[in-house]
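[1] Sequence plus predicted model, see below.
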Amino acid sequence: MRLHGVVGFALLIVVSITHTVAASLLRNGLHPASETEGRFLTTSVANTRLNGDDAERAGLSVPVVEKIKTFFSSSKVTPAQLGNRLKEGKSADTVFTRLRLNKADDMLLYYGDFVDWLKYVDDLSAKNPGKKMSAISTLTKQYGDGDLYSIIQAAMNVPRTKSIATRLQTEQIQHWVTAGKTPDDVFHFMKLEKVERNFLSDPAFTVWAKYVDDFNAKYPEKSASMVPVLTKYHINEVTLFEIVQAAKSMKGTKAIATKLEDQLVKFWLNRRKSPDDALEDLGLSYALDSLLDNPLFNSWAKYPNAYSTKHPEEKATVIETLTRKFSDDKGARVLAVAKTSVETRNLATKLESAQMEMWQKSGKSVDDVMLLLKLRPNADFTNNLLLRTWVSYMNMYIKENHLRAPEMLPKLETRFDQRTMNQILLAATQFSSMKSTALAIQTEKIKGYLASNQSPEKVFKLLALDNVGKNLLGDHVFQMWRKYVNDFNKRNPRQRESWFTPMRMTYNPAPLDQMISVAMESPSTVNIAKLVVKERSKYWLDRKKAPWQIFRDLELNGAGEKIFASPNFKIWANYLNKSNQRYRKEKTTMIDGLRASYNDISLMGILAAAKKEPKTKKLATDLENALVNKWVAEKEPLAVLQKRFDHVPSSGELLKRYVAKLDALAAKGA
């Protein structure tokens, strides 16, 4: 009876206190907050907790008697007392309350008693293996899923609590999996709703992505994707693809980005989005010229094959989709342009092969493809990239149908004019199946030009040599034309023409310089390259071109510290000598030529760098002396030079030479 009386008296006190506090709050226009709400509103985490997570807080299951005992007892619990509670089988919730941990707020993991409580839960689980206990279960009832996650994450950033926090994070995720929390729920618990463009590098996102995998492994019948969750929070599919492509190029995010890309593809497949619609949705149909440069194209290019596998009754390929969207000629032009870029060449070449296979399988003839590509017999194919596409298909057609080039190429002569036919033949020489036939036809044509006494300059254009580019000097037809020039000049000694003139008029100056550089790299063309250099220098001399102008034509004014290593510097130096020999009254020194393009400060840096190289050390030293002599001749005051060059590392040595020169002149004058 006494115990009942004590308990009743205690309950009366609790009720009385509660009633008094509540009445006081109401008198002041306030409403009594729940214990949980009051607690969280006083913590640093509380400011972010009113997010709907309260619904997840079921409250601790602690008998009223235990609550009363806790109210009247000390918060200090000894190991022996914990041992007694373990023998009595007290629940984790009860001991959590007895240790006053329910008052710890977001500082929970920093309490020493919390470690004791975790051990208690482990011991309780070991004692009752049939009904395994979980610390997370109690903590979730106390804090809710989201706030508990925030507390754990904060503790992971503190060295002394990181180990415990890591354990709790693992247990919390497993708890969510066991409880069947959806990826959407967990995304919310982890407060990932504010999706930024760099979210793939966020460690929290990696944890969530791992949760999605664990959830799908546990509940394959409820298989979930990251995509619907991400698109739910203000980020569309196209933006996701853009983020994925950027992240795939970074080592730290490549794996997760690839996984998300696969899920995006599956997401579209499950919605039966066609490759055509996907192309449209990604905005790839509006930037035709740079299609293959677009990072999103790489993502889309995987889709048609995946779609065909998923929906074999609607089989589609990349090239078929592009053809439907852009037409044969526009699609071919996109690929032809992309082949000119190193970054897209391999992909474009593969797609071009696929395009030709598509034409071949559909029974397209050479004439059919010519019409598809909109190549007209009376058109000039200069700079038309589709000419090579067509000739390439011609090569495939000959091989696939076991034909011989002589059966096809000669028939084209009646349909195309001289220049256009030669453009076709020139392209055909790039393919082994047609090269010999094309050269044979061109040889006969050249004989005809000579018989009709056509000028070399005109024949140069008729043979379409004005559109070959940097590989001209190694071209077979170019060699045939050079022989034509010799034969023409023998027949017309009074009308002699230079083989260099058409080249200069067509490719001068930068393309010609590039042509020489390419030819210099091959033993088979190095001699003709040197001959072109000689003819070009002769032309410059005849036109009395100033050395400073040639310096810039050779783009040496932008070479900087690499100037003396440039092959063009040697060409310029040789021209400078010849120009000085021919035009002695207008002699130009090398230092004059350099100073015409570089100021003294830049030049001093260039010469200082050149002195470090054994091959150019002497030349650089001589040029430094020449520069000093220029200062002397210009009577530059020492103080002015010192101020002008005070930040130039090599200026000290040069100014010493300058002073020595002045002293020598002064002594000589005295």
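    The structure has been received and is ready for your questions. Residues are numbered from 1 along each chain as shown.
[2] Look up phi and psi at the nearest residue to T621 once chain neighbours are set aside.
    Closest residue in space to T621, ignoring its immediate chain neighbours: K611 at 6.3 Å, by CB to CB, 6 or more residues apart in numbering. Placement of C-beta: from N, CA and C, glycine included. Backbone torsions for K611, taken as degrees, to the nearest 10, come to phi -70, psi -20.
[3] Quick check: K611 vs L654, distance?
    11 Å (CB to CB, to the nearest Å).
[4] which one of the two has more residues nearby?
    Between K611 and L654, counted using other CB atoms under 10 Å, L654 has the larger neighbour count: 21 against 18.
[5] what residues are shared contacts of K611 and L654?
    Both K611 and L654 are contacted by E624, under the criterion CB atoms under 8 Å, 6 or more residues apart in numbering.
[6] Please state the offset of stretch 326-337 from the chain centre?
    Its chain's C-alpha centre and that of stretch 326-337 lie 24 Å apart, by CA atoms, centre = their mean, to the nearest Å.
[7] mind listing what's buried in that stretch?
    F326, D328, D329, K330, G331, A332, R333, V334, L335, A336, V337 (16 or more other CB atoms under 10 Å).
[8] Quick check: the two most widely separated of those residues?
    Across the buried residues of stretch 326-337, the longest distance by CB to CB is 15.1 Å; it joins D328 and V337.
[9] returning to that earlier point: surely the residue nearest to T621 touches L619?
    No: in this structure, K611 is not within contact of L619 by CB atoms under 8 Å, at 9.2 Å.
[10] Tell me which residues touch N384, please.
    L375.
[11] Mind checking what helix or strand follows whichever strand or helix holds K210 in sequence?
    For K210, the host element (DSSP states H and E) is helix 203-218. On the C-terminal side of helix 203-218, the nearest following helix or strand under DSSP H and E is helix 226-232.
[12] can you list contacts of that next one?
    Outside helix 226-232, the residues that touch it by CB under 8 Å, 6+ apart are P183, D184, F187, V195, A209, V212, E237, L240, L260, Q263, L264, F267.
[13] will you turn those residues into a markdown table that also has pLDDT?
    Shown next, in a markdown table, are those (pLDDT from 0 to 100):
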| residue | pLDDT |
| --- | --- |
| P183 | 96 |
| D184 | 95 |
| F187 | 94 |
| V195 | 69 |
| A209 | 94 |
| V212 | 96 |
| E237 | 88 |
| L240 | 90 |
| L260 | 93 |
| Q263 | 93 |
| L264 | 93 |
| F267 | 92 |
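[14] Closest one to D475 out of these, please.
    L264 (47.8 Å).
[15] Pretty sure the closest one sits against L240.
    Yes: between L264 and L240 a contact is recorded at 6.0 Å, counting by CB under 8 Å.
[16] Which residue ranges make up the domains of the protein?
    Taking automatic domain parsing as the criterion, the chain consists of the domains 1-32, 35-179, 619-670.
[17] Count the neighbours of the residue lying closest to N557 once chain neighbours are set aside for me.
    Counting by CB to CB, 6+ apart, the nearest residue to N557 once its immediate chain neighbours are dropped is S597, at 3.9 Å. Counted with other CB under 10 Å, residues neighbouring S597 total 16.
[18] again, but for G448
    Neighbourhood size, G448 [other CB under 10 Å]: 11.
[19] That one in helix, strand or coil?
    Following DSSP: H, G, I helix; E, B strand; the rest coil, G448 is assigned to helix.
[20] What's the per-residue pLDDT of it here?
    For G448, the pLDDT comes out at 97.
[21] Let me see the contact set for it.
    With CB under 8 Å, 6+ apart as the criterion, no residue contacts G448.
[22] now do R415
    With CB under 8 Å, 6+ apart, R415 has these contacts: P377.
[23] Need the per-residue pLDDT for it.
    Reported pLDDT for R415: 91.
[24] Just say helix, strand or coil for it.
    With three-state DSSP as the criterion, R415 reads coil.
[25] now it: how far from D368?
    15 Å.
[26] try L109
    In terms of CB to CB, L109 sits 75 Å off from D368.
[27] Give the residue from the two that has the larger number of neighbours.
    Taking other CB under 10 Å, L109 and D368 do not tie; L109 has more neighbours (22 against 14).
[28] Let me see the contact set for that one.
    Neighbours of L109 in contact, by CB under 8 Å, 6+ apart: I151, I152, A155, T161, I164, A165, L168.
[29] Neighbours of E535, how many?
    16.
[30] Over to V391?
    There are 22 residues near V391, going by other CB under 10 Å.
[31] can you give me how far the helix or strand containing it is from the chain middle?
    Using DSSP H and E, V391 maps to helix 386-400. Helix 386-400 sits 34 Å away from the centroid of its parent chain (CA atoms, centre = their mean).
[32] Can you mark which positions in whichever helix or strand comes after it are buried?
    On the C-terminal side of helix 386-400, the closest following helix or strand by DSSP H and E is helix 405-412. Neighbour-count burial for helix 405-412 flags A405, M408, L409, L412 (criterion: 16+ other CB under 10 Å).
[33] Helix or strand with the lowest mean pLDDT in the protein?
    helix 35-40 (a mean of 35; mean pLDDT, DSSP states H and E).
[34] among the contacts of helix 226-232, which are in helices?
    P183, D184, F187, A209, V212, E237, L240, L260, Q263, L264, F267 (DSSP state H).
[35] Restricted to buried residues, select those residues in PyMOL.
    Buried subset of the ones in helices among the contacts of helix 226-232, written as a PyMOL selection, criterion 16+ other CB under 10 Å:
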select buried, resi 183+187+209+212+237+240+260+263+264+267
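[36] Just send the ones in helices among the contacts of helix 226-232 back as CSV, with distance to K538 too.
    Listed next are the ones in helices among the contacts of helix 226-232 as CSV, based on distance: CB to CB, whole Å:
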residue, distance to K538
P183, 77
D184, 79
F187, 76
A209, 70
V212, 74
E237, 64
L240, 63
L260, 64
Q263, 67
L264, 63
F267, 68
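[37] what's the closest of the ones in helices among the contacts of helix 226-232 to E634?
    E634 lies nearest to L240 out of the ones in helices among the contacts of helix 226-232, by CB to CB, at 65.4 Å.
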